[in-house]
Every structure is written in structure tokens, then in C-alpha cells.
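Engineer: return atomic coordinates for the entry below.
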Amino acid sequence: EQALQLFSMMTQRQVECNAISFSAAISACEKGGVWEKAVRLFAVMLQSSLEPNVITFSAMISAYEKGNQWKKALEVFQLMTKCVVKPGTVTCNAIISALGKNSEWEKALQLLCWMVQCEIGLNSITFSAVISACEKICEWQIALHFFGAMALSSLQPDVICVNAAISACEQGSVWEKALQLLNQMAVKRVL
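Structural biologist: Reported below is the predicted structural model:
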């Protein structure tokens with residue numbers, strides 16, 4: 001809230017705002033859960049002919065994701081790539097999460113493939129988001145495939161990832177697989 005007040009004071013006092021100040025204000029809106037304000041600031045920024053940077057785009061995508069606006073998040077992501085701003089892992093994870101929350105698991109998987117092609121690093125959050133996307137639509141086999149793929153990419157699953165995989169097994173009514181995962185993770189001391 002204080003960041004938005006400061007930004008408002010800057011504009012009232014006719015202090016010239018730049019991409020950094022807009023990005024900070026948009027990020028504050030995203031973190032504060034007021035995604036509608038972030039949208040308005042982003043529109044003002046674009047109208048001001050300022051070029052958004054990776055922080056601006058990432059904050060907007062996260063704001064839309066938190067506002068359950070996956071289509072808008074995807075539009076910002078597409079704009080980002082058109083502006084030749086290379087998205088990072090955090091940005092891609094936010095899009096995958098937004099897609100997964102809205103049962104757009106195929107788009108989430110497409111984005112994951114795109115990340116691999118563009119050599120954007122994958123992390124446990126990436127895999128957790130993909131596994132959760134598969135879990136939401138009862139695709140437990142695909143979820144377990146990606147859970148196994150983590151080991152191939154030298155990543156250790158964290159508790160969130162394990163829970164997502166177990167939940168996918170639950171959704172698929174394959175309790176034996178869920179117990180197997182639970183036992184494997186107990187041996188590896190993930191849980």
C-alpha cells in the first residue's frame with residue numbers, strides 16, 4: 001500500500017516515472033493482491049511509451065495468475081516475447097501455474113516444452129506446477145511421468161511436489177502408487 005501511495009505522490013508532483021518505478025509499483029500491486037491496480041498501472045506505462053522490462057512483465061503475469069486471469073497472463077507473456085524480453089523461470093512458472101489452476105494442462109505442457117527448447121531453467125516449482133496441472137484433470141500417469149522426470153534433470157522433489165504427485169494418484173484412485181511415492185520419499189527423507 002505504501003508503494004502505491006509513493007507512486008501516486010510521484011505522479012501528483014509530476015516526478016517523471018520510468019520503467020523501474022512502474023515495475024516497482026506493479027510488483028507491489030501483485031504482492032498486495034490488487035491485480036486490477038496492476039493492470040491499470042501497466043496500461044498507463046504502455047501509454048507513456050515506456051518499455052516494460054522482465055520484472056514488469058513477470059509482475060503482471062503473477063498479478064493475473066493471482067487474479068485467476070490465465071488468458072490475460074498468457075497475453076502478457078506473448079507480448080513479452082514479441083518485445084524481445086526473454087522470460088525467466090519465475091515468469092514461466094507463473095504462467096504454468098495460472099494455466100494449471102484453470103485446467104489448461106495441455107498449454108502448461110506446451111510451455112514446459114518451450115522452456116526446454118529455449119534453455120530456460122526448470123526448477124522444482126516448474127515441476128510442481130505441471131504436476132498440479134495434471135492432477136487437476138485426473139491425469140495421474142502424466143503427473144507421475146513428470147515427477148520421475150525431475151530425477152532425470154537432477155532436481156530433488158520438495159514437499160510441495162511430492163504432495164502434488166500424491167494428490168494426482170488420489171485423483172486417479174491409484175492409492176498403491178500414492179503409498180509407493182510416500183514410502184520412496186520417506187526413504188529419501190523428503191517428507
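Engineer: for the rest of this, base every contact and every neighbour count on C-alpha atoms.
Structural biologist: Noted.
Engineer: in stretch 24-43, what counts as buried?
Structural biologist: Across stretch 24-43, burial judged by 16 or more other Cα atoms under 10 Å covers 24-31, 33-35, 37-39, 41-42.
Engineer: sketch out the low-pLDDT regions of this structure for me.
Structural biologist: In the predicted model of the chain, residues 1-13, 15, 188-191 satisfy pLDDT under 70.
Engineer: the same query, at a cut-off of 80, please.
Structural biologist: 1-17, 84, 151, 185-191 (pLDDT under 80).
Engineer: contacting residues around Ala168?
Structural biologist: Counting by Cα atoms under 8 Å, 6 or more residues apart in numbering, Ala168 touches Ile131, Ser132, Cys134, Glu135, Lys136, Cys138, Glu139, Trp140, Ala143, Leu144.
Engineer: ranking those by neighbours, who comes first?
Structural biologist: Ile131 (33 neighbours; other Cα atoms under 10 Å).
Engineer: contact partners for that one?
Structural biologist: By Cα under 8 Å, 6+ apart, Ile131 lies in contact with Ile142, Ala143, Leu144, Phe146, Phe147, Cys161, Ala164, Ala165, Ala168.
Engineer: quick one: the fifth one from Pro52, how far?
Structural biologist: It refers to Phe147. 35 Å (Cα to Cα, to the nearest Å).
Engineer: try the first one
Structural biologist: When distances are taken as Cα to Cα, Ile142 and Pro52 turn out to be 36 Å apart.
Engineer: the two: which is more packed in?
Structural biologist: Ranked by neighbour count (other Cα under 10 Å), Ile142 and Pro52 place Pro52 first, with 20 against 17.
Engineer: skipping adjacent residues, who's closest to the more buried one in space?
Structural biologist: Nearest non-adjacent residue to Pro52, counting by Cα to Cα, 6 or more residues apart in numbering: Ala19, 6.1 Å away.
Engineer: might you report the residue contacts of that neighbour?
Structural biologist: Met45, Leu50, Glu51, Pro52, Asn53, Thr56.
Engineer: what about the last one, which helix or strand?
Structural biologist: In other words, Thr56. helix 54-66 (DSSP states H and E).
Engineer: figure out how far that helix is from the centre of its chain.
Structural biologist: How far helix 54-66 lies from its chain's middle: 9 Å, per Cα atoms, centre = their mean, to the nearest Å.
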